[in-house]
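[1] Sequence and predicted model, in that order:
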Amino acid sequence: MFRIIGSVNISHETIRRNVPDIQVKRMPCSGYFVYDEQYVGIDGEDKFRALLKDVKKGNFTEELLDDLKENTLISFFVSALRRFIIHGTVTITTDGYHYEYALKEAGRILGIRIMRQRCLFHIEKDLSHKIKLAKKEDELDGAKRLVKFMFFQTPGNLRKIKNHEALSGKIEGKSEPEIVEYILDLLNGLYADDSIIQSFLDFVKRNRKEVFLYLKDGEVEKTSNIAEQHFSIMSWLFKKRFKTKEGLLRTSYWYHHYLSTGM
């Protein structure tokens, strides 16, 4: 950016001296967020670039974390959410399985209600990985396709299911929540003896509110893809070329708030 816009020779010191400071102010928000982390190298040490981004308004906050321990995550969520003007409840879509306590404690500290949606893509990906490790890809291919259609009910995903014509007749006229219930019953009936599918169904049952929150609120983001897209923009630059925390965060802030939008 410096070379193209300002004809300035690029160095770490150039970045550190010339990128403006981040404008610290409270930002409006829609109440719907995604959260994700990215590994980065700062001064030769592995860090975690944590991101909380509003999926509707595009406003975001980032921090460089030393680790992903509970107290570290709690501190991040508290400081990040304090950057936004929040009224009542917020919803955060995350991947992984270890944010429940951190979000609950952050909500208690801030005096707000934080609801969580688990990323459906990561749930589906985790199931596929377990099937692959068990070498049951052919045996459970039908189950994988049913799960994908249950989460992402598109005509394309429906057509990928064997005997999809028969399934179409069974779900015709049903709402999205009703189709979810039908597919869950179908999976249980067809794969009752398979430990992998039963483990998946048990997981869904235990975490039903966090897996299917989007069914109650259509504004909830099903996946954390928006966060991953944020990281993917110029990731070669953000991940590899910075020695300082300030250089990475300040450049990321100005790029995503202004340069990437053309403002």
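    Looks like it arrived, so ask away.
[2] any idea which helix or strand comes after the helix or strand Phe203 falls within?
    Using DSSP states H and E, Phe203 sits within helix 195-206. With elements assigned by DSSP H and E, the helix or strand that comes after helix 195-206 is helix 208-211.
[3] Relative to the whole chain's centre, how far out is that next one?
    15 Å (C-alpha atoms, centre = their mean, to the nearest Å).
[4] The helix or strand that comes right after it packs against which elements?
    Per DSSP H and E, helix 208-211 leads on to helix 213-216 as the next helix or strand towards the C-terminus. Of the remaining helices and strands, those touching helix 213-216 by 3 or more C-beta pairs under 8 Å, 6 or more residues apart in numbering; DSSP states H and E are strand 113-118, helix 176-190. Yep, even glycine has a C-beta here, placed from its N, CA and C like the rest.
[5] Indicate which one of the ones you listed is closest to Asn9.
    strand 113-118 (45.3 Å; C-beta to C-beta).
[6] roughly how far apart are Gly142 and Lys57?
    Using C-beta to C-beta, to the nearest Å, Gly142 is found at 41 Å from Lys57.
[7] Please disregard the earlier target; I meant Glu219.
    12 Å.
[8] Which one's more surrounded, the two?
    Lys57 (14 against 11; other C-beta atoms under 10 Å).
[9] Tell me if that one really is in a strand.
    No: counting by DSSP: H, G, I helix; E, B strand; the rest coil, Lys57 is not part of a strand but coil.
[10] Just confirm it contacts Ser30, I think it does.
    Yes: judged on C-beta atoms under 8 Å, Lys57 makes contact with Ser30 at a distance of 5.4 Å.
[11] Appreciated, that's everything.
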